[in-house]
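1. Sequence plus the predicted model coming up.
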Amino acid sequence: MLGGGLVISGASIMDRRYLQAWRCQCHSGVLRPTEAGECAANPKARLGYSRHSDPHMCASSQLPPAALYIHIPYCAAKCGYCDFYSVPIHNEPTNDMLAALQKELVHRVGTCGHRIRTVFIGGGTPTILATTQLGQLLTTLAEVLRDHEPIEFTVEANPETITAEKAHCLADAGVNRVSMGAQSFDAPELEVLERRHGAADVPQAVAALRRAGVGNINLDLIFGIPGQTLESWRSSLDHAIELGVDHLSCYGLTYEPGTELTAQRDRGLITPCHEGVEAEMFSLAIDHLAGAGFEQYEISNYAKPGRRCLHNLMYWRNEPYVGIGPSAAGCTGGRRYKNVADVGTYIRLMRSSGHAESESETIDRAKLVNEMILMQLRLSEGLSISVFRSRMGLDPLQVFEPALTRLVESRLLFVTEEHIALTRSGMLVANRVMTELACACESL
């Protein structure tokens, strides 16, 4: 969330990691064997993944759908802006962590009472693991999800970690979507962000994934980087468009407490991008990407037709999700939990007690209303009036009065027969709009 009410980044614990437990977790959001046989035996058939699967029909089709998020906490090094839980992989007990993670996976999926519709392996950098370790994880995942037939299977990656071998490992495992952290195509901007890849690594990684058979590729891009201009931002967008990727996530840079980038700002070593320029960059992305055939379907996300991220849509529409791994969060049956954000403690707790929750809460009526506002208003389609009525037994057009009238008159919201949605101006101050609506129903 940017200062002054701007909320065009989309990153928080309800946003992607609580969306992956919401990078909103909402955040949002695995792999397979190579010809050389370094991964485990081909699990695609056991996983049940099919490009032609009917999303409403599978062996467990009588169960309500849910998303599955698996958190791999390892990176080569921590980027200066990142506040997700991650640790450098050097000398880490990766095999012990994966064993604990696989134990939790078997238990959580087996007892959640849901059909897993989407899978998202995030981090960290999942593709920093050795190919054999990825293969072991995929083998377990294939067995656990044998009857679930997920329709979307995403893995996060950094460009420098994608080799031909790992690309084939992903594709052979049934991964049909890869989300890659490009962030920028400008060398000085990558240096400010402390990224370990160069601009040339991105097209090489995209090409390797395509050769392996992964057709749906997302690139993350960041705007509002110190020193970034409208021209360099347009150039990064153009580079992404020229690569022919299907999905782009464009996040405004955030200065999170405790990060190195925030410390540099506070010491005067970097100068944040002016908020007005950030707003121009946001508008530029909407218009420039629309001209290239991308639809803005969420504040920070743009997709070619038929290429929306189904996993993150599960979060944004307040559907259940299962979280696995250190710091991951899940929410099923009206109960939300979060695992401990420490690898060593996670391993110890999984061994001793079979779970590693550090906190949990019941989602009562007031929390659900707030979360429907927070999540669904991020979507370009907005808050579903019919879904709100069905879940809450209340008419949102009445519940949100008079705040709704004020926000519509201010041209920050618009209302249709089916939805309450943000205007473009409203997207720039979404935090303010959501707060006003939330306050309007505090008595519920």
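-> Cool, got the structure. Numbering: from 1, shown residues only.

2. And the strands in the stretch 1-150 of the chain, which stretches?
-> Remark: strands assigned in the stretch 1-150 of the chain by DSSP state E, counting those that start in this stretch are 65-72, 74-75, 87-88, 115-123.

3. CSV please, covering these and showing mean pLDDT.
-> Below are the strands of the stretch 1-150 of the chain laid out as CSV (pLDDT from 0 to 100):
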stretch, mean pLDDT
strand 65-72, 97
strand 74-75, 94
strand 87-88, 92
strand 115-123, 96
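
4. Save the ones you listed as JSON lines, and put in mean neighbour count too.
-> C-betas here are computed from N, CA, C, even on glycine. Formatted as JSON lines, the strands of the stretch 1-150 of the chain follow (neighbours: other Cβ atoms under 10 Å):
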{"stretch": "strand 65-72", "mean neighbour count": "28"}
{"stretch": "strand 74-75", "mean neighbour count": "20"}
{"stretch": "strand 87-88", "mean neighbour count": "14"}
{"stretch": "strand 115-123", "mean neighbour count": "27"}
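
5. Including distance to L412, could the ones you listed go into CSV?
-> Shown next, in CSV, are the strands of the stretch 1-150 of the chain (distance: least, Cβ to Cβ, whole Å):
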stretch, distance to L412
strand 65-72, 30
strand 74-75, 38
strand 87-88, 41
strand 115-123, 31
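
6. Pull the contacting residues for R391.
-> In this structure, R391 makes contact with 318, 368, 372, judged by Cβ atoms under 8 Å, 6 or more residues apart in numbering.

7. Please pick the buried ones from those residues.
-> Buried members of these, counted by 16 or more other Cβ atoms under 10 Å: 318, 368, 372.

8. nearest to D186, of the residues you listed?
-> Of all those, N318 has the smallest distance to D186: 36.9 Å, by Cβ to Cβ.

9. would you say that closest one is within a helix?
-> No - according to DSSP: H, G, I helix; E, B strand; the rest coil, N318 belongs to no helix; its state is coil.

10. contacting residues for the residue nearest to L413 when sequence neighbours are not counted?
-> Closest residue in space to L413, ignoring its immediate chain neighbours: L407 at 4.3 Å, by Cβ to Cβ, 6 or more residues apart in numbering. When contacts are counted by Cβ under 8 Å, 6+ apart, L407 touches 413, 426, 433, 436-437.

11. ok, L407 to L422 distance?
-> 9 Å (Cβ to Cβ, to the nearest Å).

12. Could you pull out the residues contacting both of the two?
-> 413, 433.

13. wait, isn't I121 in contact with E152?
-> No - using Cβ atoms under 8 Å, I121 is not in contact with E152, being 12.0 Å away.

14. Got phi/psi on the closest residue to R195 other than its chain neighbours?
-> Nearest non-adjacent residue to R195, counting by Cβ to Cβ, 6+ apart: Q183, 5.8 Å away. The phi/psi pair for Q183 (degrees, to the nearest 10) reads phi 70, psi -50.

15. Measure how buried Q183 is and give me the count.
-> Using other Cβ atoms under 10 Å, Q183 is surrounded by 26 other residues.

16. cool, E417 as well?
-> E417 has 6 nearby residues by other Cβ under 10 Å.

17. any idea how far L310 is from the residue nearest to R195?
-> Going from Q183 to L310 by Cβ to Cβ gives 23 Å.

18. do N370 as well
-> From N370 to L310 the distance is 24 Å (Cβ to Cβ).

19. P88 now?
-> Separation of P88 from L310 (Cβ to Cβ) stands at 32 Å.

20. Please tell me how far M434 sits from Y251.
-> Going from M434 to Y251 by Cβ to Cβ gives 18 Å.

21. quick one, which of those two is more surrounded?
-> Y251 (22 against 19).

22. Quick check: mean pLDDT of the one helix or strand that one maps to?
-> Following DSSP states H and E, one finds Y251 within strand 247-252. For strand 247-252, mean pLDDT rounds to 97.

23. again, but for stretch 326-346
-> Stretch 326-346 shows a mean pLDDT of 96.

24. Which pLDDT value belongs to the residue nearest to L413?
-> L407 carries a pLDDT score of 96 in this model.

25. One more: the one 4 residues further on?
-> Reading off the per-residue confidence, R411 sits at a pLDDT of 97.

26. Low-confidence ranges, the protein, go.
-> Applying pLDDT under 70 to the chain flags the ranges 1-61, 443-444.

27. mind redoing it with 80?
-> The chain contains residues with pLDDT under 80 at 1-61, 441-444.

28. what about K338, which helix or strand?
-> Using DSSP H and E, K338 falls within strand 335-339.

29. So what are the sheet partners of that strand and their directions?
-> Sheet neighbours of strand 335-339, with direction, are listed as strand 329-332 (antiparallel), strand 357-362 (antiparallel) (DSSP bridges).

30. Please list the residues outside it that contact it.
-> The contact list for strand 335-339, computed with Cβ under 8 Å, 6+ apart, reads 13, 18, 21, 104, 323, 325-331, 346, 356-363.

31. what about the residue lying closest to A100 once chain neighbours are set aside, how many neighbours?
-> The shortest distance from A100 to any non-neighbouring residue, by Cβ to Cβ, 6+ apart, is to M350 (3.7 Å). Close neighbours of M350, defined as other Cβ under 10 Å, add up to 23.

32. Please apply the same query to V175.
-> 29.

33. shouldn't it be in contact with E152?
-> No - using Cβ under 8 Å as the test, V175 is too far from E152 to be in contact (9.7 Å).

34. circling back: out of the strands paired with strand 335-339, which is the most enclosed?
-> strand 329-332 (a mean of 25; mean count of other Cβ atoms under 10 Å).

35. Show me how far that one is from its chain's centre.
-> Chain-centre distance of strand 329-332: 15 Å, with Cα atoms, centre = their mean, to the nearest Å.

36. same deal with stretch 191-204?
-> Distance, centroid of stretch 191-204 to centroid of chain: 20 Å (Cα atoms, centre = their mean).

37. now stretch 253-273
-> That offset, for stretch 253-273, works out to 23 Å (Cα atoms, centre = their mean).

38. again, but for stretch 247-258
-> Relative to its chain's centre, stretch 247-258 lies at 12 Å (Cα atoms, centre = their mean).

39. Send over that stretch as CSV, restricted to the C-alpha atoms.
-> Extracted C-alpha coordinates of stretch 247-258, given in CSV (Å, rounded to 0.1, in the frame of the first residue of the first chain):
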residue,chain,number,x,y,z
HIS,A,247,-0.3,-12.1,-18.0
LEU,A,248,1.3,-9.1,-16.3
SER,A,249,1.2,-8.2,-12.6
CYS,A,250,2.2,-4.5,-12.2
TYR,A,251,2.8,-3.6,-8.6
GLY,A,252,3.6,-0.2,-7.1
LEU,A,253,6.8,-0.4,-5.0
THR,A,254,6.0,-0.4,-1.2
TYR,A,255,8.3,0.5,1.6
GLU,A,256,7.6,-2.2,4.2
PRO,A,257,8.8,-1.9,7.8
GLY,A,258,12.0,-3.8,8.5
